[in-house]
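# structure of the sequence below:
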Amino acid sequence: MKKEKEKEDIRVKIGEMFFTFLKVGAFTIGGGYAMIPLVQEDFIQRKKWLTNEEFLEILGIAQSLPGPVIVNFSLLAGYRLKGFKGGLFSLLGAILPSFLIIMIIAAYLWGYGENRAVQAAFQGIRPAVVALIISAAIKLGKGTLRQRHTFLLFLLFLGTLLLFNVHPLAVIVAGALAGFVKPYLKNRQGSAEE
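You can find the predicted model right below:
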């Protein structure tokens, strides 16, 4: 109840959410995961619309749904904060820049793909995108990996992904199952100690 009261005290405006996602969509190159650090900074640190746990929960759901992660995230975060209208305007903010950029590229810039300057710019952008993704992973991991069992699950899932090339969906399902099993094992351990 206290958490809900605190949420009500934070004045979330639909227009502000729209412009937050519009800004992120307009100035981030590299897709959904490159956008996560910017959204995280705005939603958690600056505006305090979500806690780190809520952010991770929405991100986990967004990753497990089909489609681009930032599109899913914008819809879910907007819906959580302001219902249907919040979800709709957050979604529009997230996809509008990409839509407009693709329209401009299709109309005017399609013939410049072989241009050396354009290729050089994209070569320079790639490491920046990787740095953004790694930064997001580190920031999200700090809050998540503090408990020993969570850290061990992380190592198991990372090893599975890197060594055995397992499909990410299988890892997500395994993580969900591990989340369901943990309370059961904890209850069983507690009853065994009694």
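
# which of the three states applies to Glu54?
helix (DSSP: H, G, I helix; E, B strand; the rest coil).

# name the element the closest residue to it other than its chain neighbours belongs to?
Take Glu54 and drop its neighbours on the chain: the residue closest to it by Cβ to Cβ, 6 or more residues apart in numbering is Arg80, 7.4 Å away. From N, CA and C alone the C-beta is placed, and that goes for glycine too. Assigned by DSSP states H and E, Arg80 belongs to helix 69-104.

# and that helix, which residues are buried?
69-82, 86-95, 97-98 (16 or more other Cβ atoms under 10 Å).

# do stretch 56-70 as well
Leu56, Ile58, Leu59, Ala62, Pro68, Val69, Ile70.

# off-centre distance for it?
6 Å (Cα atoms, centre = their mean, to the nearest Å).

# returning to what we had before: wait, the residue nearest to Glu54 touches Ile58, no?
Yes - with contact defined as Cβ atoms under 8 Å, Arg80 counts as touching Ile58 (6.5 Å).

# what is in contact with these two at once?
Common neighbours of Arg80 and Ile58, counting by Cβ atoms under 8 Å, 6 or more residues apart in numbering, are Leu50.

# now the end-to-end length of stretch 25-35.
Using Cα to Cα, to the nearest Å, the end-to-end distance of stretch 25-35 comes to 7 Å.

# pLDDT of the helix or strand harbouring Gln40, averaged?
Secondary structure assignment for Gln40, by DSSP H and E: helix 32-40. What helix 32-40 shows for mean pLDDT is 79.

# packing partners for it?
helix 14-27, helix 69-104, helix 116-144 (3 or more Cβ pairs under 8 Å, 6 or more residues apart in numbering; DSSP states H and E).

# quick one, which of those helices is nearest to Phe157?
Among the helices and strands packed on helix 32-40, helix 116-144 comes nearest to Phe157, with 11.8 Å by Cβ to Cβ.
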